[in-house]
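1. Predicted model follows, preceded by the sequence.
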Amino acid sequence: MTPSSKSRFRQRRQFALVLASLLISSALFLFSSTAADSSFGSSKGERVILLGGTFAERLQYFGYFEALLSQHESEHDLIVRNMAWAGDEVALMPRPYNFVISAGTGVKDDPDPGYGFSFESDADHQTLMAHLQAQQADTILLCFGANEAFKGKAGLAKFAANYQVLIDHLSEKKFNGKTSPRLILVSPIAQENRGAPYPDPSRQNKSLEIYVQRIGEIAEKNELRFVDLFAPSVSQMKTSQGKPLTIDGSQLNAHGQKIIAEALATGLGITDPWSDQFEEMRKLIVEKNKQFFFRWRPINGEYVYGRRRDPFGVISYPPEMAEWDKMIIALEQKIHATAKKLKPSK
């Protein structure tokens, strides 16, 4: 071997060693990232928030997913808050004027509240951030894409860009005062073919499929966990044996809620199947969610945080809100106690 060929051999060997080292380092990083994000319950009292549109909002009315989550993580006493809002998109979360002040974080009222039944788009996510801070969010499940998919391929790039903005806004915050929130991206479900008079969902499912794929890519780019509910929902809808999963082809019925709750839990590493023994806890969860809904989105919000809060609202409602908080905490304590009975600590 000539001196020049020996030199080339050494250079190639050094390059191979460096490349191998980089590959091993990358693999270790990906493994540690996945392992660190493999389940809930990293700390006692971890606060889990659900965001999204109608799919995510309706989870609170049935409680199957939260029951599976609470039972699996019974020793960690999770606090779950459903803050989803029907119709929400990644860049459109309309809220009533001055809704931001109900978070109680010191964010000022809108300087120009307007009149009539007007809403703020919250395009900059400031209202959302205030409420996430109020809830001291540790983990946030993001359930978006179903609404945006109606725009088809033409809206895909804008959706991806808007989703990235939301992720960036959330990632730069420390709602719990210590760490940035753990973000988990959850895909939309498929639409079910219920036959006439409901529309054929084939075209929309093709659109949903490309949006789900893009959400997965966004998750991978940001090294976030991604739960695909589209594929399992398609499978379940094909094998439902005449038992529909939805009320209208789009929104899940009670049977569909149970099926998709298991799929969502499985995607998060929770493999415990649904059991009728969880029913008591599920009912407590539904009641807790109802009380939190009334606390967070009071029916008479115009008098709680709106333009009619002065002079009596600022006097009358804070004590009422405090009583609601106590009621929610009491229900959560019952949920935690029930979960521990179902799954005693090792």
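-> Right, received. Where do you want to start? Residues are numbered from 1 along each chain as shown.

2. so what's the backbone phi/psi at the closest residue to Glu57 other than its chain neighbours?
-> Closest residue in space to Glu57, ignoring its immediate chain neighbours: Ala84 at 4.0 Å, by CB to CB, 6 or more residues apart in numbering. The C-beta positions use only the backbone N, C-alpha and C, and glycine is treated the same way. Phi and psi for Ala84, reported as degrees, to the nearest 10, are phi -70, psi 160.

3. Likewise for Ala196?
-> Ala196 adopts backbone torsions of phi -60, psi 140, taken as degrees, to the nearest 10.

4. Over to Val80?
-> Dihedral angles (degrees, to the nearest 10) for Val80: phi -110, psi 130.

5. Then Ile189?
-> phi -90, psi 170.

6. just to revisit the earlier point, how many residues are close by the residue nearest to Glu57?
-> Look at Ala84: counted by other CB atoms under 10 Å, it has 24 neighbours.

7. does it really touch Leu59, like I thought?
-> Yes. Between Ala84 and Leu59 there is a contact under CB atoms under 8 Å: 7.5 Å.

8. Tell me where the stretch 51-200 of the chain has helices.
-> Under the criterion DSSP state H, counting those that start in this stretch, helices of the stretch 51-200 of the chain are mapped to 54-58, 64-72, 126-134, 156-171.

9. who wins for proximity to Asp248 among those helices?
-> helix 54-58 (11.0 Å; CB to CB).

10. Output stretch 319-330 as PDB, nothing but the C-alphas.
-> What follows is stretch 319-330, C-alpha atoms only, in PDB (Å, rounded to 0.1, in the frame of the first residue of the first chain):
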ATOM      1  CA  PRO A 319     -66.900  33.700  46.600                       C
ATOM      2  CA  GLU A 320     -69.200  31.600  44.300                       C
ATOM      3  CA  MET A 321     -66.200  30.700  42.200                       C
ATOM      4  CA  ALA A 322     -64.300  29.700  45.300                       C
ATOM      5  CA  GLU A 323     -67.100  27.400  46.400                       C
ATOM      6  CA  TRP A 324     -67.100  25.800  42.900                       C
ATOM      7  CA  ASP A 325     -63.300  25.200  43.200                       C
ATOM      8  CA  LYS A 326     -63.900  23.400  46.500                       C
ATOM      9  CA  MET A 327     -66.600  21.200  45.000                       C
ATOM     10  CA  ILE A 328     -64.300  20.200  42.100                       C
ATOM     11  CA  ILE A 329     -61.400  19.400  44.500                       C
ATOM     12  CA  ALA A 330     -63.800  17.200  46.600                       C
END
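
11. Please list all residues in contact with the residue nearest to Pro201 when sequence neighbours are not counted.
-> Distances taken as CB to CB, 6+ apart place Gln191 nearest to Pro201, at 3.5 Å, with adjacent residues excluded. Contacts for Gln191 were tallied using CB atoms under 8 Å, 6 or more residues apart in numbering; they are Pro201, Gln204, Asn205, Leu208, Thr246, Gly249, Ser250.

12. Helix or strand, whichever it is, which one in the protein has the lowest mean pLDDT?
-> helix 3-36 (a mean of 42; mean pLDDT, DSSP states H and E).

13. Name the residues of stretch 300-319 that are buried.
-> The neighbour-count check on stretch 300-319 (16 or more other CB atoms under 10 Å) flags Gly301, Glu302, Tyr303, Val304, Tyr305, Gly306, Arg309, Gly313, Tyr317 as buried.

14. can you tell me which of the residues you listed are in helices?
-> Gly301, Glu302, Tyr303, Val304, Gly313, Tyr317 (DSSP state H).

15. Tell me who's in contact with the fourth one.
-> Going back to what we said before, that points to Val304. Ser102, Pro298, Gly313, Tyr317, Met321.
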